[in-house]
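>>> Any chance you can model this:
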Amino acid sequence: MVFQDKAGVDADGFISKGAVYRRDLGYPFAGIGQLPFACYDISDPQNPCRVNICFVESDGEAGAAANNI
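Numbering: from 1, shown residues only. Okay, the predicted model is just below:
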């Protein structure tokens, strides 16, 4: 994972977009979110490959928090 610094977010927007799924609603697709990081497959260090990312969100309810994956 490569994280974007605060200055980069302010100047250039977010580095990645990813699918968001709401755990508290049974994991339905909730749209595309902006994420301040990028992920890479580095199994071949000479040719890193950027991969898709997904973010699972909890609204903080006890039921959702108790079922951490």
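
>>> Touching, V51 and D41? I think so.
Yes: counting by CB atoms under 8 Å, V51 touches D41, with 5.3 Å between them. Glycine gets a C-beta too; all of them are placed from N, C-alpha and C.

>>> Now for those two: what residues contact both?
Residues touching both V51 and D41 (CB atoms under 8 Å, 6 or more residues apart in numbering): none.

>>> so what pLDDT did C49 get?
We have a pLDDT of 92 for C49.

>>> Neighbours of it, how many?
C49 has 10 neighbours, counted by other CB atoms under 10 Å.

>>> pretty sure it is touching C39, no?
No: using CB under 8 Å, C49 is not in contact with C39, being 9.9 Å away.

>>> Next one: M1 relative to S16, how far apart?
10 Å (CB to CB, to the nearest Å).

>>> Look at these two and report which has more neighbours.
Using other CB under 10 Å as the criterion, M1 and S16 rank with S16 on top: 17 against 7.
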